[in-house]
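K.L.:
next comes the sequence, and after it the predicted model I'd like to discuss.
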Amino acid sequence: MTLRPLKWLLPVALALLLTACASAGGKLQTRGDVTTFDMTMTTSLDWARIKSRRNELWTIDGVALNRLIIFSKIKPGEHVFQMVRERKSRPDGPWYRAGMRLDEQQKLVADGFADQQWVGIQTSNLRPHTFGTVEGIRFDVEMTNPDGLIYKGTAAVAERNNLLNVLVWIAPKEYYHGRDVAAVETMLDGMRFK
């Protein structure tokens, strides 16, 4: 097999990402103050931002190289990543429940990734964090994607009005995580609710 047919793959992938960002559902987010759903943050990075009704996907270099996933107002009985509602046939899924302890919220996010076929999921550095006037948590994560690439990241989770907000940033452990982790940590630490 020759590598020649793969030469077109990168330009096509970049064109698709830029098209998605320029579409009605996406845009380029430049550094500075930003509002997403009922949250405000300040970013020192430029992002491609794709929004749907209750979640957003942000990336700097493409989703395989880094991504910030934002889930807003997860309802009780809903999958932590807003995929499906709880089913009687699967009572042990990563379903959000109002009033979960902080360590349960951390485990819920880890279980959500396991549900998506990520493996070797390790969370660490669980710490309470106040997002303006809303109590929540921050923690770090390391895991391997289904293709075997190791990712590291950081999460911010806050329960407000019996709804959960989850922000998780991940990037490959090699290079991309180290390059942007400080800027992302600062952004998530400074997140506030309107």
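P.N.:
All right, it came through fine. Only a predicted model underlies this, so the values are computations on that prediction, with no experimental measurement involved.

K.L.:
who does the lengthiest strand in the chain touch, helix- and strand-wise?
P.N.:
Ordering each strand of the chain by length in residues (DSSP state E) puts strand 119-131 first. Applying 3 or more CB pairs under 8 Å, 6 or more residues apart in numbering; DSSP states H and E, one finds that strand 119-131 makes contact with helix 102-115, strand 134-144, strand 150-160. (Each C-beta comes from the backbone N, C-alpha and C, glycine too.)

K.L.:
packing partners for the first one?
P.N.:
Spelled out, that is helix 102-115. Helices and strands touching helix 102-115, by 3+ CB pairs under 8 Å, 6+ apart, are strand 119-131, strand 134-144, strand 150-160, strand 163-172.

K.L.:
put the alpha carbons of it into PDB.
P.N.:
What follows is helix 102-115, C-alpha atoms only, in PDB (Å, rounded to 0.1, in the frame of the first residue of the first chain):
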ATOM      1  CA  LEU A 102     -18.400  15.800  45.000                       C
ATOM      2  CA  ASP A 103     -16.500  12.500  44.700                       C
ATOM      3  CA  GLU A 104     -19.600  11.000  43.000                       C
ATOM      4  CA  GLN A 105     -19.600  13.800  40.400                       C
ATOM      5  CA  GLN A 106     -15.900  13.000  39.700                       C
ATOM      6  CA  LYS A 107     -16.700   9.300  39.300                       C
ATOM      7  CA  LEU A 108     -19.700  10.200  37.100                       C
ATOM      8  CA  VAL A 109     -17.400  12.000  34.600                       C
ATOM      9  CA  ALA A 110     -15.000   9.000  34.600                       C
ATOM     10  CA  ASP A 111     -17.800   6.600  34.100                       C
ATOM     11  CA  GLY A 112     -19.000   8.700  31.200                       C
ATOM     12  CA  PHE A 113     -15.700   8.300  29.400                       C
ATOM     13  CA  ALA A 114     -15.600   4.600  30.200                       C
ATOM     14  CA  ASP A 115     -19.100   4.400  28.600                       C
END
